[in-house]
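Asks: Sequence and predicted structure are below.
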Amino acid sequence: MKSKRKKRQDDFQKIKLKVGKKKPRADNATDTNFRSKGIHLSEQLRREAGPTTHRQLGINDLLSQLHHYNGNVKQTALQGLRELLLKNPPLLEQHLSRLLSEVAAVFTDKDANVRMAATRLLRFLAQCVPGERAAPFFPLLSAHLSCAMTHIETGIQEDALKVLDVLLEHYPALLASRPTVLLTNFLELISHRRSSSSSSGGSKKPTDMKERRWTLSVNPSKSVTGQQWRLTVLFRLGRFLQAIVEERPPEQGDMCVPSEGVFGSNEEGGLTPLDLNWEELTYSRTEVKVYEHSGAKPSPRSTFSLRPEVEPGAGLGEGLGSAEAVQNFATTLVPLLLEVWVEASATDSTWNASEGAHLLSSDAMSILFQVLSILQLLRRLAPQREHQDILDAWFRSEYLENFKQHFMKNFPYGVLDTPKQKKKPDPKRMKHLPPVPGQVVEPLGLNITLCQVMVALSQRQDAGRDKDADWLLPLRTFVRDTLANGVKLSYKQLHMLLDGVWKMALKERSRAVTEDLLAAVYIHYQQRNLTLQTRSLLLSKVLGRWLAALPVQLCQLGHRNPALSARLILSIQAAASRGNKDLLSSLQSNACRLYDPQEGVAVLLPAKSSLSGWSMGSQDAPLQDVDYVSFLFSTLTGFSSEDLATLQDAPDDTTVPPSPLSPLSLYPTLLEQFTHHWDVVEEVCHCLETLGSQSQCFDILQNAICKYLCNLGVVPDSLAAGLLVTVSRLLEQSVLPNEALLRFLAQCCLSLLALLVTFQQEAPSETTHKREAIWSACVSALSNIPRLLRAVLQSLRVGDLCEEELPQLGQILSMMLQHSPLRSHLLANTSLLQHVIQELTRYSHSETREQWLTDLLYCYSVTMAHASTAHRGNMGLRDMY
């Protein structure tokens with residue numbers, strides 16, 4: 001027993017520590033005497049190749065962070081994507097599919113800051129990506145937008161409307177192609193479906209169209225009131241319906257040239273091919289008809305569309321592709337709109353009970369304006385124009401009584417001045433409130449919109465019976481007083497009022513009422529402060545039908561009254577020059593009765609009319625007017641189209657190269673050829689001046705020059721000088737050439753003047769006649785063509801000239817200042833001339849003033865001194881030249 005006890009004590013023996021002795025090492029001690037080496041994995045630490053943000057993150061890293069659980073990480077990733085794409089635009093084209101899909105996925109994120117950053121990034125992407133490139137990915141965007149609009153969280157619904165604003169601004173056509181789902185989403189934002197049991201009660205059939213299937217919903221958890229939320233939704237709904245109306249594809253989908261054949265086939269069986277850009281047509285809404293037998297035998301049944309008009313399950317086909325579909329949608333929407341207005345007017349009645357029911361607060365006025373705007377757009381949703389009358393009749397039969405009760409009861413409306421709240425609003429709460437659009441609505445715009453909606457529902461009145469007199473009378477009174485009392489109207493408001501006047505005049509059989517309305521229009525036309533655009537609108541709306549009847553009256557009048565026929569021709573010419581569409585259409589339809597295509601003359605017009613000079617006399621083989629004018633223009637150019645095309649590729653040693661002083665490259669013709677062409681130009685001008693209507697001749701010449709010559713880079717000097725002479729002789733002082741012709745003539749004139757200075761430096765005796773002809777052409781053009789001299793001075797860029805061209809420009813200006821016919825026109829452009837001379841003085845780097853600059857400054861000072869004495873009162877040229 002003693003030995004066993006000693007054994008146990010040996011197992012757990014206590015070690016005695018002695019002073020001065022080292023502490024014994026423990027059995028479980030760790031030996032730290034070792035060395036370690038790091039393992040470097042180069043592939044693991046390698047950064048992504050390509051552009052990065054300031055945080056050294058590439059586009060793949062940022063896109064992967066959008067799946068992070070932390071909202072701050074996703075917000076920072078969205079901001080980094082915008083930074084990266086802003087600095088490196090090529091990345092957008094390479095990663096467009098991933099960008100749109102990842103950004104659309106965070107539309108329903110629970111963090112409001114992430115949704116806000118996603119909306120900003122989407123706006124940036126929409127600004128950079130055209131609709132054609134975004135079209136393949138738009139179904140995905142539309143699906144995520146629908147999820148956000150119908151989300152259970154109110155904040156996500158509010159931010160979904162901001163996303164919708166971005167898409168409506170940049171991709172209205174793509175949104176308009178998928179209206180079915182989005183229109184249902186709009187309804188669910190302000191209302192909810194009634195259950196079949198509660199709506200029918202077991203007594204009504206579920207197929208009853210007038211059964212109320214939707215009712216307004218109220219959500220107390222929203223950050224705005226119910227009226228403000230409905231106003232926000234109605235504003236976006238109005239913009240969406242406007243996009244559907246404006247982006248509707250054209251009814252004529254055939255891309256071929258209108259003719260008897262196909263693709264421009266003529267009577268002889270020849271085919272004119274039509275160039276089509278297939279890349280653009282891939283995403284367009286236009287149909288392309290494919291014909292059999294190479295177009296010789298058209299087959300209308302073989303219609304092929306590069307891209308289907310609607311995608312399966314969405315679009316106009318199932319949504320608003322027929323008048324019945326529009327009626328079904330209006331059956332659901334119009335009762336909700338009326339309920340919204342009734343609720344707003346009931347809330348507003350507590351304010352205006354004592355002052356009048358026609359006074360509305362700003363919120364109520366905004367709601368009513370949006371309701372009326374949507375009703376007006378619903379009428380225009382008809383796929384074809386003839387269906388609008390059907391919709392108007394349907395609206396009248398279904399909702400006229402409701403509109404009269406809720407809209408016309410207190411017409412016209414005014415604004416109610418509500419007292420402002422003294423309590424300061426909470427800035428933190430106001431920061432989170434979504435902006436309510438359309439808050440500022442003028443009573444005038446509201447009343448005009450209501451007039452346009454209600455007048456469309458009126459019927460044509462029978463003799464002695466006026467069914468709508470009770471509610472049309474206040475509308476007529478409002479329109480008459482607004483026009484006659486000089487109320488300031490915008491162009492859009494005036495257009496809407498005149499449209500209402502026109503419809504009332506068509507449907508009203510009472511002459512007194514019609515004359516009363518037209519008298520109000522005339523009183524408004526007599527105001528002094530109206531713009532030309534407003535006056536033209538008044539004339540086109542009221543006098544359009546009268547102008548369209550003038551060609552018919554001219555045909556019926558014939559030779560019986562030459563004086564009256566001449567006045568009719570002048571009126572037709574004045575209205576046609578202003579582009580009146582009704583007159584031009586009537587003139588085109590009655591052209592064969594006025595103009596004989598076989599004889600080529602206006603044989604049915606009086607002999608002293610302004611168009612009688614087009615007669616070419618009796619000939620065995622009569623010459624067409626178009627052929628005669630084409631012959632004169634070809635003779636005026638002096639070169640065939642093939643020769644002019646060959647000159648564009650001529651070597652540099654055969655032409656004068658272009659420079660900042662000479663915009664065109666001139667081809668110097670031989671002296672004999674130039675002299676002969678100069679005589680030909682004189683005869684052509686004489687032939688053109690003998691024609692009856694000089695203004696029409698100039699219009700034809702102007703169009704021909706702009707179409708065939710303005711795009712030339714190399715121009716013969718004889719052609720440039722001949723054009724300057726011809727235009728200066730045909731152009732009347734009261735007519736202004738268009739910008740394209742004026743720019744081309746300024747280039748010709750400046751290039752010829754630079755060539756003239758070159759001739760003077762060389763001074764050969766054989767170029768004397770050519771120099772005199774060029775100088776006379778330039779002086780004639782600068783003196784007689786309005787604003788040509790201004791265009792020449794504006795095209796001078798002194799800073800772009802080299803040192804050798806500065807003296808040449810100085811000599812050109814000195815020659816113009818020394819020529820007395822040009823002084824008055826130069827004085828009309830004193831500021832431009834002074835600026836050019838100052839630039840010449842500034843860029844002349846010589847230490848001593850050169851002789852050409854001294855001569856220029858002397859001529860300028862003499863001209864200004866002469867102007868202060870002899871031409872002090874002549875200020876009329878400033879506006880013309």
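Replies: Yep, that arrived.
Asks: If you count neighbours, what's buried in stretch 232-250?
Replies: Residues of stretch 232-250 classed as buried: 232-245, 248-249 (neighbour count, 16 or more other CB atoms under 10 Å). For glycine as for every other residue, the C-beta is placed from the backbone atoms N, C-alpha and C.
Asks: what do you get for stretch 685-705?
Replies: For stretch 685-705, using 16+ other CB under 10 Å, the buried residues are 685, 688, 691, 693-694, 696-698, 700-702, 704-705.
Asks: And Leu587, how far from Ala720?
Replies: With distances taken as CB to CB, to the nearest Å, Leu587 is found 36 Å from Ala720.
Asks: Between the two, which is the more surrounded one?
Replies: Ala720 (25 against 20; other CB atoms under 10 Å).
Asks: Tell me which other helices or strands the helix or strand hosting that one touches.
Replies: Ala720 belongs to helix 717-730 when assigned by DSSP states H and E. Counting contacts by 3 or more CB pairs under 8 Å, 6 or more residues apart in numbering; DSSP states H and E, helix 717-730 is packed against helix 625-637, strand 665-667, helix 671-690, helix 694-708, helix 739-762, helix 768-784.
Asks: cutoff 10 Å now
Replies: For helix 717-730, the elements it packs on are helix 625-637, strand 665-667, helix 671-690, helix 694-708, helix 739-762, helix 768-784, helix 788-794, judged by 3 or more CB pairs under 10 Å, 6 or more residues apart in numbering; DSSP states H and E.
Asks: and it, how far from the chain's centre?
Replies: Helix 717-730 has its C-alpha centroid displaced from the chain centroid by 37 Å (CA atoms, centre = their mean, to the nearest Å).
Asks: Hey, what's the angle from it to helix 694-708? Just curious.
Replies: If you take axes from the mean of the first three to the mean of the last three CA atoms, to 10 degrees, helix 717-730 sits at 150 degrees to helix 694-708.
Asks: Only alpha carbons, please: show helix 717-730 as PDB.
Replies: Taking Å, rounded to 0.1, in the frame of the first residue of the first chain, the C-alpha atoms of helix 717-730 are listed here in PDB:
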ATOM      1  CA  ASP A 717     -15.100  80.700-112.900                       C
ATOM      2  CA  SER A 718     -17.400  81.400-115.900                       C
ATOM      3  CA  LEU A 719     -20.300  79.500-114.100                       C
ATOM      4  CA  ALA A 720     -19.700  81.400-110.900                       C
ATOM      5  CA  ALA A 721     -19.700  84.800-112.600                       C
ATOM      6  CA  GLY A 722     -22.700  83.900-114.700                       C
ATOM      7  CA  LEU A 723     -24.800  82.900-111.700                       C
ATOM      8  CA  LEU A 724     -24.000  86.200-109.900                       C
ATOM      9  CA  VAL A 725     -25.200  88.200-112.900                       C
ATOM     10  CA  THR A 726     -28.300  86.200-113.500                       C
ATOM     11  CA  VAL A 727     -29.500  86.200-109.900                       C
ATOM     12  CA  SER A 728     -28.900  89.900-109.600                       C
ATOM     13  CA  ARG A 729     -30.900  90.700-112.700                       C
ATOM     14  CA  LEU A 730     -33.900  88.400-111.900                       C
END
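Asks: so which of the buried residues of stretch 232-250 comes closest to Gly71?
Replies: Thr232 (25.1 Å; CB to CB).
Asks: The closest one should be in a helix, yeah?
Replies: Yes - counting by DSSP: H, G, I helix; E, B strand; the rest coil, Thr232 falls inside a helix.
Asks: List the contacts of Thr655.
Replies: Counting by CB atoms under 10 Å, 6 or more residues apart in numbering, Thr655 touches Leu647, Gln648, Leu664, Ser665, Leu666, Tyr667, Pro668, Gly713, Val714, Val715, Pro716.
Asks: Distance to Val681 added to those, as a markdown table?
Replies: Compiled in a markdown table, the contacts of Thr655 are given as follows (distance: CB to CB, whole Å):
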| residue | distance to Val681 |
| --- | --- |
| Leu647 | 19 |
| Gln648 | 22 |
| Leu664 | 18 |
| Ser665 | 21 |
| Leu666 | 17 |
| Tyr667 | 17 |
| Pro668 | 17 |
| Gly713 | 22 |
| Val714 | 20 |
| Val715 | 15 |
| Pro716 | 12 |
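Asks: got those as a markdown table, with pLDDT columns?
Replies: Converted to a markdown table, the contacts of Thr655 look like this (pLDDT from 0 to 100):
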| residue | pLDDT |
| --- | --- |
| Leu647 | 85 |
| Gln648 | 84 |
| Leu664 | 87 |
| Ser665 | 86 |
| Leu666 | 87 |
| Tyr667 | 87 |
| Pro668 | 86 |
| Gly713 | 86 |
| Val714 | 88 |
| Val715 | 89 |
| Pro716 | 89 |
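Asks: PyMOL command for the buried members of these?
Replies: In PyMOL syntax, the buried subset of these is picked out as below (16+ other CB under 10 Å):
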select buried, resi 647+664+665+666+667+668+714+715+716
